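Trainee: Provided below for reference: sequence and predicted model.
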Amino acid sequence: MRVLHIITGLGVGGAEQQLRLLLRHLPVDGEVVTLTEPGPVAAGLTADGVRVTHLGMRGNRDLSALPRLVRLIRDGGYDLVHTHLYRACLYGRIAARTAGVRAVVATEHSLGDTRIEGRPLTPGVRALYLAGERLGSTTVAVSPTVAARLRRWGVPARRITVVPNGIELDRFRFDPERRLRTRRRLGLPEGAYVVGGVGRLVPGKRFDVLVRALARLPRDGHLLLVGGGPEEHLLRRTAREAGVADRVLFTGERPALPDGSPGPDLPSLLCAMDVLAAPSPQEAFGLAAVEGLAAGLPVLYASCPAIEDLPPDAAPAARRVSGGAAGFADALAGVRAAGPPPRDPPEAARHYCVTRSAARLADVYAAALTSVPYPASALQGVSSA
């Protein structure tokens, strides 16, 4: 089976990294087209031996990209097209159907209650989304919570299936020696209590809540923010105004040490933390929280379907927090007072094994390929993004 994955961009993000991870485990021949931004994940895919093509799309309304994408799909002779993220799902579904591909699967990575990939869910966005969705065979939701949102939007339940994000559990397993080594490399003081946050530094992640919460904690508390993004300068300013700039450490998207050499990878950074905090009020899954659980960390979150969709005893060290900076400060103080956990991954982390997710996705592909071909007439009326 030859599968073409179409994604909006390949910068550092949860959907982008999840695609790379799945391609390592899917039992199919996969290639990738990125509409824009062939960033670090594109380089990683290439290193994995995956062919990556950059379409060079200039913006949401760059309709000249559509015929180029159609030709690429036709020339590739793919059995199935799999799209990821809003723009790629719209253009990719239209191009795949125009090219005559029988099966088109789309994964919905980022649908919140009021936003999708950071953009407000206006009536226009919803109408365009639903028009494009009708061109697909199946829409994959990364959590039951996202599946319920899709149904409320008007996507027929029969066209929705849940395939959760996955992780390589052993990669995140806690190692005390790696913890000590990573803390030394980062210059963290001995005995520091380290609160971690992982994700893109964008407004929706609300990492400013953690900066302000840190100001309410004892002086030996530090905040380690793993990720990069446009909000970094604002977060640095917030840290200065709160008087905690010397206790907030930013790693950037690709962690590096002061001398420019590569810094610790994400599992090592999680080892260095004492607790993971995720203050984002809207999540479609909550991958960082699951990775934190896999590292044996207590996890405090404002929204995390990956945890909330499971029984409460699946993640006993995870807790939902409300109340902004004050609420997170109180919760962090409570976690610290409880003492260090054993750092063993709970059932919730084992539930999201990537091999299981890849096997389920392969079943989705097989089902899509055996369905009735989609009528070309359905393309009428869907022509812009």
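Mentor: Arrived safely.
Trainee: Alpha carbons only: can I get stretch 355-369 in PDB?
Mentor: Extracted in PDB, the C-alpha atoms of stretch 355-369 (Å, rounded to 0.1, in the frame of the first residue of the first chain):
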ATOM      1  CA  THR A 355       2.400   0.500  18.100                       C
ATOM      2  CA  ARG A 356      -1.300   0.200  19.100                       C
ATOM      3  CA  SER A 357      -2.200   3.500  17.500                       C
ATOM      4  CA  ALA A 358      -0.300   2.500  14.300                       C
ATOM      5  CA  ALA A 359      -2.100  -0.800  14.100                       C
ATOM      6  CA  ARG A 360      -5.500   0.900  14.500                       C
ATOM      7  CA  LEU A 361      -4.700   3.400  11.800                       C
ATOM      8  CA  ALA A 362      -3.700   0.600   9.500                       C
ATOM      9  CA  ASP A 363      -7.100  -0.900  10.000                       C
ATOM     10  CA  VAL A 364      -8.700   2.500   9.100                       C
ATOM     11  CA  TYR A 365      -6.700   2.400   5.900                       C
ATOM     12  CA  ALA A 366      -7.800  -1.100   5.000                       C
ATOM     13  CA  ALA A 367     -11.500  -0.200   5.700                       C
ATOM     14  CA  ALA A 368     -11.200   3.000   3.600                       C
ATOM     15  CA  LEU A 369      -9.800   1.100   0.600                       C
END
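Trainee: roughly how far out does that stretch sit from the chain middle?
Mentor: Centroid displacement of stretch 355-369 relative to its chain, using CA atoms, centre = their mean, to the nearest Å, is 19 Å.
Trainee: quick one: the strands in the stretch 201-350 of the chain?
Mentor: 221-226, 248-250, 275-278, 299-301, 318-320 (DSSP state E, counting those that start in this stretch).
Trainee: As PDB, could you dump the C-alpha coordinates of the strand or helix carrying Ala88?
Mentor: Element membership of Ala88 [criterion: DSSP states H and E] is helix 86-98. Only the C-alpha atoms of helix 86-98 are listed here, as PDB (Å, rounded to 0.1, in the frame of the first residue of the first chain):
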ATOM      1  CA  TYR A  86      -6.900  22.400   8.600                       C
ATOM      2  CA  ARG A  87      -5.400  23.800   5.400                       C
ATOM      3  CA  ALA A  88      -3.900  20.500   4.300                       C
ATOM      4  CA  CYS A  89      -7.200  18.700   5.000                       C
ATOM      5  CA  LEU A  90      -9.100  21.100   2.700                       C
ATOM      6  CA  TYR A  91      -6.600  21.300  -0.200                       C
ATOM      7  CA  GLY A  92      -5.500  17.600   0.200                       C
ATOM      8  CA  ARG A  93      -9.100  16.200   0.000                       C
ATOM      9  CA  ILE A  94      -9.900  18.300  -3.000                       C
ATOM     10  CA  ALA A  95      -6.700  17.300  -4.800                       C
ATOM     11  CA  ALA A  96      -6.900  13.700  -3.900                       C
ATOM     12  CA  ARG A  97     -10.500  13.400  -5.200                       C
ATOM     13  CA  THR A  98      -9.600  15.400  -8.400                       C
END
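Trainee: follow-up on the earlier one: as TSV, the strands of the stretch 201-350 of the chain with mean pLDDT would be great.
Mentor: Converted to TSV, the strands of the stretch 201-350 of the chain look like this (pLDDT from 0 to 100):
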stretch	mean pLDDT
strand 221-226	98
strand 248-250	97
strand 275-278	98
strand 299-301	98
strand 318-320	97
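Trainee: what's the next secondary structure element after the helix holding Ala88?
Mentor: Scanning onward from helix 86-98 (DSSP H and E), the first element met is strand 103-108.
Trainee: What's the mean pLDDT across the helix or strand following that following strand?
Mentor: Of the helices and strands lying after strand 103-108 in sequence (DSSP H and E), the nearest is strand 115-116. Average pLDDT, strand 115-116: 85.
Trainee: Off-centre distance for strand 115-116?
Mentor: The answer for strand 115-116 is 14 Å, by CA atoms, centre = their mean.
Trainee: quick one: contacts of it?
Mentor: Tyr86, Ser110, Leu121, Val125, Tyr129, Gly204, Gln282 (CB atoms under 8 Å, 6 or more residues apart in numbering). (Glycine included, C-beta is placed from N, CA and C.)
Trainee: Out of those, the closest to Ala245 would be?
Mentor: The closest of the contacts of strand 115-116 to Ala245 turns out to be Gly204 (CB to CB; 23.3 Å).
Trainee: Quick check, pLDDT for the residue lying closest to Pro255 once chain neighbours are set aside.
Mentor: Spatially, and ignoring its direct neighbours in sequence, Pro255 is nearest to Gly263 (3.2 Å; CB to CB, 6 or more residues apart in numbering). In this model, Gly263 is scored at 73, pLDDT.
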